[in-house]
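Participant: Sequence and predicted structure below; questions after.
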Amino acid sequence: MNFLIVLMDDVGVDQLEFYNVGSGPWADTSLAIDDIVADGVRFNRAYGNSACSPTRATIQTGRYSFRTGMTTALGDHEDFWLGHPTPIGPGDEYALPEMIKVREPDYDGNTAYFGKWHLVSEEETNFDPSDESFTHPNDEGWDYFYGETIRSSSDYEDWYKVVDGAAAVNVTNYMTTETFQDAIDRFTVAPIIAEPWVMMVAPKPPHKPYHCPPYATPSGCTLGTSTDPEMFRSALEALDYELSRLIAEIDSQLMLENTTIILLSDNGSFWQSIDSSSGIPRPTGGQRDIHKGTPYELGNRVPLIIAGAAANGQEGTTRGALVQTTDLFATIAELAGVPFLGGGDDPPEDSKSIVPLLNNTASSIRTYAYSEIVLDNDATPPGPGLGPYNDTDTTDNWDPGESAHTVRNLSYRLVHRDDAEYELYDLSSAKWETISNDRIAVALGVLNLTGTEKTNFCQLRTKLEQPYPLERPTTAPSLTGFCP
C-alpha cells in the first residue's frame, strides 16, 4: 500500500465547511479536499497539539511531545531538534520512515518528504543557506527531502529550498506550487519512487504571512484590499488546486487505487485567519483566545480524513471516537501490513492503531486525548525542554507566555495551567470553551461541582498525571480528600 500524507498548516476545523464549526465563510475546496472527504472516513474528534513543531513530532514518532522534548514551535534562535536528548530520554527518536522501512524493506528508497519540516532549529539569528540542519529530515529516515528545514523567508515567492541536505537554493516559484510539483516530479523525473511508497507533503501556506496566491482562486484575492481571513481562504484554495494536480498524477500512474490518503492539519487556526462573521470568538473585546497556541478545543482539535485504499467500504462516513495524531504511527504500520504486536515500545506507548475505527469494527480505541503547549522558551536545560514553567498570571484569559497540559474525554476537557489553575469544561454539546461552560477554576473554587462534574474532574486529573506528573505550588487550591 502507498501512503500520501498531506499535512496542512494552521487549517483548523473551523476553516472547512464539512466540519460545520462556526458559520463560515469557508474556502472552496471542491477540487480535491471535498473529494477526499467523500471517498474517506472523517474523524470528528481528532487531536494534536496547538503549535506546529509538537504535532509534527507526534506524527513522526507516535510519542507525546513531553517525551521527545518537542513541546513548542521551534524558533530561529534555538539549538534543538527532534532526537535531541531530553531530561527524560536519550533522544535519537525512531521516526516514521525508519520504522516502516525496517519493518517492510520494500519501502526502502521510496520515502519522500516535501515542504515544511520545522523539527530542527539552529542557534542563529539569520538564515544561512549552508546551515548544517539541512540534513535532519534525511537523518530521520526520509530517503528524499525537498523543502524548508527552518524558516528561510517571509515571502512565499522568494524563499530557499533544501534538497537532500545540500545548501539551500533560492526559489521564486510560489511555495505551494513548488512543494506539490516536487512531489509530482518524483513519478516522472529522477529520482523516481516506486511502489510501495510513502509521501508526506506539508505545504507551508496558508500559514502566515497572509498573502494572495499568484493566480486566481474561487474566492478571489486582492493584495492591499482583502482581509486576513480572505487571503487565508484564497491560499487554502490554492493548496486544494495543487493537491488535485498531485492526485491526478498518482491516478495517471495507475497507483491511486492502492494509495491511502491521510489529510490533516498540524494545529487549529490562528485567530487572525477566522472571519469576524463566523460566530467563533476572537480574542478581541474581552473574549478569550481559544485558538492556535492555546490548550483549548480550537487550538488542538485538527481535521483528519483517511481516504482511498484504507477506507474501502467506508467511504463518506464519519467517526466520533477520540483519536490523536500520535495514532498515525501505529495506523500506518498496520495498514502497511506490519502491525505492532505490543510489548515494550512496540508500538510507541502513545500510539494506537485507528484501523479498527476505519473498518468500523470498534467504536473507540482510546478514552482520553492528551495535549500540551509550552510557550515559554526560557527552559532549563536550553531548548523547548519539558516545562511546566512559572507564570504569575492568574486572570481567566490565556497568556501567550503560559504553558498548559490538557486532557479530554468525550464530554469534558480538563486544563491544568502552569499557574496551578484548573479549568474544567463541559463540551458534550459545545463546540468550543467559553466562560459560561467553564465549570471549575481558581476563582470558583474546586468544590463548586455537581456529582457528574466531580467524577469527570477526578478521572481526568488522574489521567493527566499518568503521562505527566503535575507540579502544584503551595498556592494551588487544595484537593486533599476531594478526589478518591
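Facilitator: The structure has been received and is ready for your questions. Numbers count the residues shown, from 1 in each chain.
Participant: where along the stretch 251-400 of the chain do the strands fall?
Facilitator: In the stretch 251-400 of the chain, the strands defined using DSSP state E, counting those that start in this stretch lie at 259-265, 304-308, 317-324, 369-374.
Participant: residue contacts, residue 21?
Facilitator: 12, 13, 14, 280, 298, 431, 432 (CB atoms under 8 Å, 6 or more residues apart in numbering). The C-beta positions use only the backbone N, C-alpha and C, and glycine is treated the same way.
Participant: Just among the residues you listed, which is most surrounded?
Facilitator: For the contacts of residue 21, counting by other CB atoms under 10 Å, the largest number of neighbours falls to residue 12: 29 neighbours.
Participant: isn't residue 178 right up against residue 158?
Facilitator: No: using CB atoms under 8 Å, residue 178 is not in contact with residue 158, being 11.7 Å away.
Participant: what is in contact with the two at once?
Facilitator: Overlap of the contact sets of residue 178 and residue 158 (by CB under 8 Å, 6+ apart) consists of residue 171.
Participant: Of the strands of the stretch 251-400 of the chain, which stretch is the most buried?
Facilitator: Highest mean neighbour count of the strands of the stretch 251-400 of the chain: strand 369-374, a mean of 26 (counted as mean count of other CB atoms under 10 Å).
Participant: Listing partners with orientation, what would you give for that strand?
Facilitator: strand 403-408 (antiparallel) (DSSP bridges).
Participant: just checking, next helix/strand downstream of the partner strand?
Facilitator: Remark: after strand 403-408, the chain's next helix or strand is strand 412-417, criterion DSSP states H and E.
Participant: Can you tell me the strand partners of that following strand and which way each runs?
Facilitator: In the sheet, strand 412-417 lines up with strand 403-408 (antiparallel), strand 422-426 (antiparallel) (DSSP bridges).
Participant: would CSV of those with mean pLDDT and distance to residue 314 be doable?
Facilitator: What follows is the strands paired with strand 412-417, written out as CSV (pLDDT from 0 to 100; distance: least, CB to CB, whole Å):
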stretch, mean pLDDT, distance to residue 314
strand 403-408, 87, 25
strand 422-426, 86, 31
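Participant: Pick the most deeply packed of these.
Facilitator: Most buried of the strands paired with strand 412-417, by mean neighbour count (mean count of other CB under 10 Å): strand 403-408, with a mean of 25.
Participant: could I get that strand in CSV with only the CA atoms?
Facilitator: Taking Å, rounded to 0.1, in the frame of the first residue of the first chain, the C-alpha atoms of strand 403-408 are listed here in CSV:
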residue,chain,number,x,y,z
SER,A,403,2.1,26.6,29.5
ALA,A,404,-0.6,24.0,30.0
HIS,A,405,-1.4,20.4,29.8
THR,A,406,-4.8,19.2,28.9
VAL,A,407,-6.8,16.0,28.6
ARG,A,408,-10.4,15.4,27.4
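Participant: Figure out how far it is from the centre of its chain.
Facilitator: Its chain's C-alpha centre and that of strand 403-408 lie 15 Å apart, by CA atoms, centre = their mean, to the nearest Å.
Participant: Flag every buried residue along stretch 146-164.
Facilitator: Under the neighbour-count criterion of 16 or more other CB atoms under 10 Å, stretch 146-164 has 146, 147, 148, 149, 150, 151, 152, 156, 159, 160, 161, 162 buried.
Participant: Turn the residues you listed into CSV, including secondary structure, pLDDT and distance to residue 116.
Facilitator: What follows is those, written out as CSV (DSSP: H, G, I helix; E, B strand; the rest coil; pLDDT from 0 to 100; distance: CB to CB, whole Å):
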residue, secondary structure, pLDDT, distance to residue 116
146, strand, 97, 11
147, strand, 96, 6
148, strand, 93, 5
149, coil, 89, 9
150, coil, 82, 10
151, coil, 78, 9
152, coil, 77, 10
156, coil, 97, 11
159, strand, 94, 11
160, strand, 93, 13
161, strand, 95, 11
162, strand, 93, 11
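Participant: Would you reformat the residues you listed as JSON lines and include distance to residue 193?
Facilitator: Supplementary listing: those in JSON lines, determined by distance: CB to CB, whole Å:
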{"residue": "146", "distance to residue 193": "12"}
{"residue": "147", "distance to residue 193": "16"}
{"residue": "148", "distance to residue 193": "21"}
{"residue": "149", "distance to residue 193": "20"}
{"residue": "150", "distance to residue 193": "25"}
{"residue": "151", "distance to residue 193": "27"}
{"residue": "152", "distance to residue 193": "25"}
{"residue": "156", "distance to residue 193": "26"}
{"residue": "159", "distance to residue 193": "24"}
{"residue": "160", "distance to residue 193": "24"}
{"residue": "161", "distance to residue 193": "19"}
{"residue": "162", "distance to residue 193": "18"}
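Participant: Of these, which is the nearest to residue 358?
Facilitator: residue 147 (28.7 Å; CB to CB).
Participant: Burial check on the closest residue in space to the closest one that isn't next to it in sequence, number of neighbours?
Facilitator: Computed as CB to CB, 6 or more residues apart in numbering, the closest residue to residue 147 that is not its neighbour in sequence is residue 115, at 4.4 Å. Using other CB under 10 Å, residue 115 is surrounded by 26 other residues.
Participant: if we can go back for a sec, would you list the strands of the stretch 251-400 of the chain in JSON lines and tack on mean pLDDT?
Facilitator: Output for those, formatted as JSON lines (pLDDT from 0 to 100):
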{"stretch": "strand 259-265", "mean pLDDT": "98"}
{"stretch": "strand 304-308", "mean pLDDT": "98"}
{"stretch": "strand 317-324", "mean pLDDT": "98"}
{"stretch": "strand 369-374", "mean pLDDT": "88"}
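Participant: Just put the ones you listed in a markdown table and tack on distance to residue 25.
Facilitator: What follows is those, written out as a markdown table (distance: least, CB to CB, whole Å):
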| stretch | distance to residue 25 |
| --- | --- |
| strand 259-265 | 19 |
| strand 304-308 | 21 |
| strand 317-324 | 23 |
| strand 369-374 | 28 |
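Participant: so which of the ones you listed gets nearest residue 408?
Facilitator: Ranking the strands of the stretch 251-400 of the chain by their distance to residue 408 (criterion: CB to CB) puts strand 369-374 first, at 5.4 Å.
Participant: The residue nearest the centre of the chain: what's it in contact with?
Facilitator: Geometric centre of the chain, nearest residue: residue 266, 2.1 Å, by CA atoms, centre = their mean. Residues near residue 266 by CB under 8 Å, 6+ apart: 7, 8, 9, 10, 48, 51, 52, 55, 56, 302.
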